[in-house]
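J.: Here is my input, please return the structure:
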Amino acid sequence: MERRDLTQQDRDWLAERFEEHRRHLRAVGYRMLGSLSEADDAVQEAWTRLSRSDATEIENLGGWLTTVVARVCLNMLQARKLRREEPLGVHVPDPIVSRAGRYTDPEQAALLADSVGLALQVVLDTLAPVERLAFVLHDIFAVPFDEIAPVVGRSPTATRQLASRARRRVQGQAPTPDPDLDRQHEVVDAFLAAVREGDFEALIEVLDPDVVLRADSGAFPPPATQQVRGARAVAKLATAFSQVARFSRLALVNGTTGLVTTTPSGEPHSVMAFTITRGRIVEIDILADRERLAKLDLLVLDD
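T.: Just a heads-up that it's a prediction; the model follows:
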């Protein structure tokens, strides 16, 4: 579809129409990629392709743009997989951070509309690219299978099977957090108090026996970047956090209660997401990669 020559009025109209869909497109990109910057790249590519097309021939602009973003994300996921010839160790997706008790803007609300916390993004990272696309588009954004099928190059029936396989993985691996934010706050407060006091037994009380902790410190080798299982192992690791824990404060991380910690000088130290089920912490995901932390908008906590 070649673009006809556009007047300035046409270009302004097209840009306005695109902006109407930007939040949705960014949410699709984030679920697909687990990276805010890569999601922005995918959205920008969709705009580039739209500006080169004849928009008058597009009957459903929102659907067209969603399909374009999905194709771009699929290519990025496949390229990412090819680059990872050797395991890179623990990876925690980009967190979305806002003040405890509220979302700070409509952009974050759109990103988190159907989220069940950072734990879901961690599981999505384990899916094959085509499985992830089929699951995200259908189960999260309600795109029909006959519209997804051309993107993954499968029949609608085979695409349905991809989503079903992904759904089983998600249901088996992504714990569902307790919905009560006040209760989540109480548990995280108890965790933080126990860490600050170095109270090992109090930590054991708030941790599920099979708790999993993932710490992503980027280029730093273990023990900075690692995965730890079991309440006693996680409690032992958490007590080493006591020196910086006094610089931690509650925040919402992907819609559930978390902690943002700074250094004594005020630089970002880590973002910690908790998944709490039946009043116990079942997962802790920590992003401590300085380069990635520097790109997050943590100023929202100072509003």
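J.: show me where the stretch 151-300 of the chain has strands.
T.: With strands called from DSSP state E, counting those that start in this stretch, the stretch 151-300 of the chain shows them at 207-216, 226-229, 248-253, 256-262, 268-277, 280-287.
J.: Dump these to JSON lines, plus mean neighbour count, distance to Trp64 and mean pLDDT.
T.: Glycine gets a C-beta too; all of them are placed from N, C-alpha and C. What follows is the strands of the stretch 151-300 of the chain, written out as JSON lines (neighbours: other CB atoms under 10 Å; distance: least, CB to CB, whole Å; pLDDT from 0 to 100):
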{"stretch": "strand 207-216", "mean neighbour count": "20", "distance to Trp64": "35", "mean pLDDT": "95"}
{"stretch": "strand 226-229", "mean neighbour count": "15", "distance to Trp64": "40", "mean pLDDT": "92"}
{"stretch": "strand 248-253", "mean neighbour count": "21", "distance to Trp64": "33", "mean pLDDT": "92"}
{"stretch": "strand 256-262", "mean neighbour count": "24", "distance to Trp64": "33", "mean pLDDT": "93"}
{"stretch": "strand 268-277", "mean neighbour count": "24", "distance to Trp64": "34", "mean pLDDT": "94"}
{"stretch": "strand 280-287", "mean neighbour count": "23", "distance to Trp64": "34", "mean pLDDT": "96"}
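J.: Using TSV, please lay out these together with distance to Ala46.
T.: Below are the strands of the stretch 151-300 of the chain laid out as TSV (distance: least, CB to CB, whole Å):
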stretch	distance to Ala46
strand 207-216	28
strand 226-229	35
strand 248-253	27
strand 256-262	29
strand 268-277	28
strand 280-287	27
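J.: Which one of the ones you listed lies nearest to Ala294?
T.: Closest to Ala294 of these, according to CB to CB: strand 268-277, at 6.8 Å.
J.: Where does the prediction get shaky in the stretch 51-200 of the chain?
T.: Along the stretch 51-200 of the chain, the parts satisfying pLDDT under 70 run over 84-88, 101-116.
J.: quick revisit: looking at the strands of the stretch 151-300 of the chain, which is nearest to Arg196?
T.: The nearest among the strands of the stretch 151-300 of the chain, by CB to CB, is strand 248-253 at 8.4 Å.
J.: Can you give the strand pairings for the closest one, parallel or anti for each?
T.: Paired neighbours of strand 248-253 in the sheet (DSSP bridges): strand 97-99 (antiparallel), strand 256-262 (antiparallel).
J.: Output those as JSON lines; include the columns distance to Asp40.
T.: Formatted as JSON lines, the strands paired with strand 248-253 follow (distance: least, CB to CB, whole Å):
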{"stretch": "strand 97-99", "distance to Asp40": "17"}
{"stretch": "strand 256-262", "distance to Asp40": "22"}
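J.: so where do the helices sit in the chain?
T.: 8-33, 36-51, 61-83, 106-111, 118-124, 129-135, 145-152, 156-173, 181-197, 200-206, 231-239, 242-245, 290-293 (DSSP state H).
J.: who wins for proximity to Thr261 among those helices?
T.: Evaluated over these, closeness to Thr261 peaks at helix 242-245, with 5.6 Å, by CB to CB.
J.: Flag every buried residue along that closest one.
T.: 244-245 (16 or more other CB atoms under 10 Å).
J.: Check the offset of that helix from the chain's centre.
T.: Relative to the centre of its chain, helix 242-245 is centred 26 Å away, using CA atoms, centre = their mean, to the nearest Å.
J.: Report the separation between Ala158 and Asp285.
T.: 33 Å (CB to CB, to the nearest Å).
J.: One more: Arg26?
T.: Distance, Arg26 to Asp285, using CB to CB: 21 Å.
J.: try Thr176
T.: On the measure of CB to CB, Thr176 and Asp285 end up 15 Å apart.
J.: one step back: between the strands paired with strand 248-253, which gets nearest to Thr225?
T.: Among these, strand 256-262 sits nearest to Thr225 (CB to CB), with 16.6 Å.
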